[in-house]
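Peer 1: Task: produce atomic coordinates for the following.
(one chain, ligands or ions: 1)
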Amino acid sequence: MSIPETRPRRLRQQPAIRRLVSETRLDPAELVLPMFVREGVSEPVEISSMPGVRQHTVDSAKRAAAEAAAAGIGGVMLFGVPAERDAVGSGATDPDGILNVATRALVAEVGDALVVQTDLCLDEFTDHGHCGVLDDRGRVDNDRTLDRYRDMALAQAESGSALLGLSGMMDGEVAAVRETLDAAGFDDTIILAYSAKFASALYGPFREAVDSQLQGDRRTYQLDPANRREGLREALIDEAEGADIVMVKPAGSFLDVLADVADTVSIPVWAYQVSGEYAMIEAAARQGWIDRRRAIEESVLSIKRAGAEVVLSYWAVELAGWLDEARGLRAGGTR
Ligand code: PBG
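Peer 2: From the prediction side, this is the model:
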């Protein structure tokens with residue numbers, strides 16, 4: 001017997017064989033771009049903690065969505081940044097509220113080319129920044145919040161959103177929204193449940209992106225980052241309540257939860273590479289400390305390898321361009 005007995009390196013010697021034995025591939029069609037649309041501005045506004053990402057006007061959002069469609073990505077996920085806020089998040093259910101206006105505009109522009117999706121949560125619209133309404137002691141009131149989510153779901157479905165991203169982490173929210181949609185004839189509207197949404201420091205830049213009014217944290221409704229099994233439990237509950245798709249979020253630091261969920265549920269599993277994951281790589285790359293493109297590709301590939309079928313990423317369009325470029329190189333026979 002010769003030593004080494006086995007030589008795994010044999011399959012790593014040339015680009016062509018590495019490509020042939022690659023276990024995970026990325027495709028533009030399985031990427032979704034999150035987009036922010038701000039009310040009352042005439043020009044897009046840069047988000048300082050997310051270099052390269054902006055708060056769009058409705059017009060610039062239309063152009064960006066057309067670009068996303070041309071890049072071949074699978075969808076856009078819309079977030080609204082309202083000009084005014086109140087205790088119950090009235091802007092979320094107002095047909096003339098920014099998110100609903102932007103949804104109608106984007107569905108008209110690109111609704112046939114990609115899936116226009118909307119974040120269903122109150123935090124952008126409330127003056128206290130919580131994802132629900134508060135009771136008289138200042139606690140997030142689960143069941144009264146469900147009533148707001150039902151109304152929000154109707155407003156979004158009426159605006160043409162094909163897929164509602166339920167990100168509030170209230171108990172019973174998938175069942176409540178499903179019931180309301182079905183009763184109103186929106187039985188084809190898809191529910192994506194942000195099932196395992198952890199109370200993460202990595203949402204920091206997002207808070208700037210939506211001008212969040214939050215003081216404190218969301219630990220009474222989002223998951224404790226210490227809890228792996230609870231992440232799976234939430235996904236199973238949402239599947240049983242009728243979710244069409246479940247999501248894990250943040251993605252990169254919860255790959256174990258993602259793998260558990262992907263192994264267990266029978267519906268599609270998505271993951272959200274959040275604002276802080278974006279900001280960390282951009283910041284290190286700006287310092288010249290890491291190779292930006294390789295770090296981005298590796299981060300998204302890892303999320304897919306762990307079990308996500310679709311990744312929400314602020315790099316979706318740029319990544320799609322790189323994937324096409326790589327395919328073009330191969331088609332050109334340069335190797
Ligand atoms: C809630 C929501 C948040 C994000 C997506 N949906 C913020 C939060 O829960 O605090 C964060 C996404 C990101 O950080 O990129 N509407």
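
Peer 1: Angles on the backbone of residue 166, please.
Peer 2: phi -80, psi 100 (degrees, to the nearest 10).

Peer 1: Just the pLDDT at it, thanks.
Peer 2: Looking at residue 166, its pLDDT stands at 98.

Peer 1: same deal with residue 332?
Peer 2: 58.

Peer 1: next one: residue 335
Peer 2: 38.

Peer 1: Next: residue 318.
Peer 2: pLDDT, residue 318: 98.

Peer 1: mind checking the SS state of it?
Peer 2: Using DSSP: H, G, I helix; E, B strand; the rest coil, the structure places residue 318 in helix.

Peer 1: Residue 105: what's its closest spatial neighbour, skipping adjacent residues?
Peer 2: Nearest residue to residue 105, sequence neighbours excluded (Cβ to Cβ, 6 or more residues apart in numbering): residue 58, at 5.1 Å. To be clear about C-beta, it is placed using only N, CA and C from the backbone, and glycine gets the same treatment.

Peer 1: What pLDDT does the model give the one you found?
Peer 2: For residue 58, pLDDT reads 98.

Peer 1: What about it, how many residues nearby?
Peer 2: 17 (other Cβ atoms under 10 Å).

Peer 1: which residues does it contact?
Peer 2: 37, 98, 101-102, 105 (Cβ atoms under 8 Å, 6 or more residues apart in numbering).

Peer 1: swap the cut-off to 10 Å and go again
Peer 2: 37-39, 41, 98, 101-102, 104-106, 109 (Cβ atoms under 10 Å, 6 or more residues apart in numbering).

Peer 1: Distance-wise, check it relative to the ligand.
Peer 2: 20 Å (Cβ to the nearest ligand atom, to the nearest Å).

Peer 1: can you check residue 214 too?
Peer 2: 7 Å.

Peer 1: That residue - nearest residue in space that isn't next to it in sequence?
Peer 2: residue 129 (3.0 Å).

Peer 1: Next: residue 151.
Peer 2: In space, residue 151 comes closest to residue 93 once its chain neighbours are excluded; the distance is 4.5 Å by Cβ to Cβ, 6+ apart.

Peer 1: thinking that neighbour is in contact with residue 122, fair?
Peer 2: Yes - counting by Cβ atoms under 10 Å, residue 122 is a contact partner of residue 93 at 9.4 Å.

Peer 1: Alright, that wraps it up for me.
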